[in-house]
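Asker: here's a sequence, model it:
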Amino acid sequence: MKRVRGTIRDFAATAVAVLREIFDEAAYARFLGRAGIVSSSEAYEAFWREREKSCARRPRCC
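Answerer: Model prediction:
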């Protein structure tokens, strides 16, 4: 029985981690840690600006 609970707990933790990545919560948390700031509307705006900048297509040469 303990083995089943542990497996279910591991599965749930993995599912939560995947959902946090899908919805950018984990990326935002990493951004806050890297920038050394606390969560705020200004911080979230800076996160999205950085994200958009990194996702923007860079022109190719030739």
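Asker: for residue 14, give its distance to residue 5.
Answerer: Using Cβ to Cβ, to the nearest Å, we find residue 14 at a distance of 15 Å from residue 5. In short, each C-beta sits where N, CA and C put it, glycine included.
Asker: now swap in residue 53 and tell me
Answerer: 44 Å.
Asker: over to residue 35?
Answerer: 38 Å.
Asker: pLDDT weak spots in the chain?
Answerer: By pLDDT under 70, the weakly predicted segments of the chain are 58, 62.
Asker: just so I have it, where are all the helices in it?
Answerer: Along the chain, counting by DSSP state H, helices occupy 2-22, 25-35, 41-55.
Asker: of all those, which lies closest to residue 61?
Answerer: Residue 61 sits nearest to helix 41-55 of all the helices of the chain, at 19.4 Å, using Cβ to Cβ.
Asker: how far does that closest one sit from its chain's centre?
Answerer: Remark: helix 41-55 is offset 12 Å from the chain centroid, using Cα atoms, centre = their mean, to the nearest Å.
Asker: for it, buried residues please.
Answerer: By 16 or more other Cβ atoms under 10 Å, the buried positions in helix 41-55 come out as residue 47.
Asker: which strands or helices does that helix pack on?
Answerer: helix 25-35 (3 or more Cβ pairs under 8 Å, 6 or more residues apart in numbering; DSSP states H and E).
Asker: tabulate the CA atom coordinates of the helix it packs on in PDB.
Answerer: In PDB, the C-alpha atoms belonging to helix 25-35 read as follows (Å, rounded to 0.1, in the frame of the first residue of the first chain):
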ATOM      1  CA  GLU A  25       5.000  29.400 -13.900                       C
ATOM      2  CA  ALA A  26       8.400  27.600 -13.500                       C
ATOM      3  CA  ALA A  27      10.000  29.900 -16.100                       C
ATOM      4  CA  TYR A  28       8.700  33.000 -14.200                       C
ATOM      5  CA  ALA A  29      10.000  31.600 -10.900                       C
ATOM      6  CA  ARG A  30      13.500  31.000 -12.500                       C
ATOM      7  CA  PHE A  31      13.300  34.600 -13.900                       C
ATOM      8  CA  LEU A  32      12.600  36.000 -10.400                       C
ATOM      9  CA  GLY A  33      15.500  34.000  -8.900                       C
ATOM     10  CA  ARG A  34      17.900  35.000 -11.700                       C
ATOM     11  CA  ALA A  35      16.900  38.700 -11.500                       C
END
